[in-house]
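Peer 1: quick one, fold the following:
(2 chains)
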Amino acid sequence: GQQVMQIPQYQHVQEGEDFTTYCNSSTTLSNIQWYKQRPGGHPVFLIQLVKSGEVKKQKRLTFQFGEAKKNSSLHITATQTTDVGTYFCAGPHTGNQFYFGTGTSLTVIP
Amino acid sequence: GAGVSQTPSNKVTEKGKYVELRCDPISGHTALYWYRQSLGQGPEFLIYFQGTGAADDSGLPNDRFFAVRPEGSVSTLKIQRTERGDSAVYLCASSSATDTQYFGPGTRLTVL
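Peer 2: All right, here's what the predicted structure looks like:
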């Protein structure tokens, strides 16, 4: 079956440092989505990437979709305490199933 | 309301009991997903509805789990003969044609 892995599983950074999480799928994805889940909260949609090699930016966040459409990354520049949470990538499989990655938990130390 | 709502927010039950979890999607969203999330894990796909029909129920772990969406709006996830391993947060998400999924706050199920 399809697997979506993310690394690292945990990341602790000092406020102001950069952060990157990597997502790898065992199969080619038609699109990839990123979600953020705050502690005790539910996943909140951040962005969707569709095209091979696509790069999108949201303020300090940069999202990239790999050329082979099997991997993706999320980079946060100059982290803030409001960035704390778990970041998940997710992609569709065989049409209707949706697989979430294992997640990267980000802790920002003030 | 404007978002996805789920009831109850917490459910504590005893092993062997039957439970129903309800999801009210965003009005007009035809797609509805159920997920299960255990502590420290990502959401695990259970079932997908497009309208009234279960378009994909391949994620349901066994025949104790069943979900319905009779009128294409509200959905109910039903779990029979609950087991301790069913304890988790059950998340519902709805979506329109854009594929963006909007999640509800979840129901935390605890099976004693």
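Peer 1: list the contacts for residue 31?
Peer 2: Defaulting to chain A. Residues in contact with residue A:31 (CB atoms under 8 Å, 6 or more residues apart in numbering or on different chains) are A:48, A:49, A:50, A:91, A:92, B:99. Where C-beta positions appear, they are placed from N, C-alpha and C, glycine not excepted.
Peer 1: not what I meant, chain B
Peer 2: Per CB under 8 Å, 6+ apart, neighbours of residue B:31: B:48, B:49, B:50, B:94, B:95, B:96.
Peer 1: the longest strand seen in chain A close to chain B?
Peer 2: In terms of residue count, the longest strand belonging to chain A (DSSP state E) is strand A:85-93. Yes: counting by CB under 8 Å from any CB of the partner chain, chain B is contacted by strand A:85-93 at A:88, A:90, A:92.
Peer 1: closest to chain B out of those residues?
Peer 2: Minimum distance to chain B across those is 5.2 Å, recorded for residue A:88 (CB to the nearest CB).
Peer 1: quickly list what that closest one is bridged to.
Peer 2: residue A:35 (DSSP bridges).
Peer 1: for residue 80, give me its contacts.
Peer 2: I'll assume chain A. Contacts of residue A:80 by CB under 8 Å, 6+ apart are A:15, A:60, A:108.
Peer 1: meant chain B actually
Peer 2: Contacts of residue B:80 (CB under 8 Å, 6+ apart): B:18, B:64, B:65, B:66.
Peer 1: pLDDT score for it?
Peer 2: Predicted confidence (pLDDT) for residue B:80: 97.
Peer 1: distance of it from residue B:9?
Peer 2: Distance from residue B:80 to residue B:9, counting by CB to CB, to the nearest Å: 22 Å.
Peer 1: ignoring the adjacent residues along the chain, who's closest to the residue nearest the centre of chain B?
Peer 2: Taking CA atoms, centre = their mean, the centroid of chain B lies closest to residue B:34, which sits 3.6 Å from it. Computed as CB to CB, 6 or more residues apart in numbering or on different chains, the closest residue to residue B:34 that is not its neighbour in sequence is residue B:46, at 4.3 Å.
Peer 1: identify the residues contacting the one you found.
Peer 2: Going by CB under 8 Å, 6+ apart, the list of residues near residue B:46 reads B:33, B:34, B:35, B:36, B:57, B:59, B:60, B:61, B:65, B:67, B:77.
Peer 1: which of those tops the neighbour count?
Peer 2: residue B:34 (27 neighbours; other CB atoms under 10 Å in any protein chain shown).
Peer 1: quick check: that one touching residue B:76?
Peer 2: No: counting by CB atoms under 8 Å, residue B:76 is not a contact partner of residue B:34; they are 9.8 Å apart.
Peer 1: need the overlap of contacts for the two.
Peer 2: B:23, B:67.
Peer 1: can you list the residues of chain A near chain B?
Peer 2: A:4, A:31, A:33, A:41-45, A:48, A:88, A:90, A:92, A:95-103.
Peer 1: where's residue 102, which helix or strand?
Peer 2: You didn't pick a chain, so chain A it is. Assigned by DSSP states H and E, residue A:102 falls within no helix or strand.
Peer 1: actually it's chain B I care about, not the one you picked
Peer 2: Here residue B:102 is assigned to strand B:101-103, by DSSP H and E.
Peer 1: report whether that strand contacts chain A.
Peer 2: Yes: contact of strand B:101-103 with chain A (CB under 8 Å from any CB) involves B:101, B:102, B:103.
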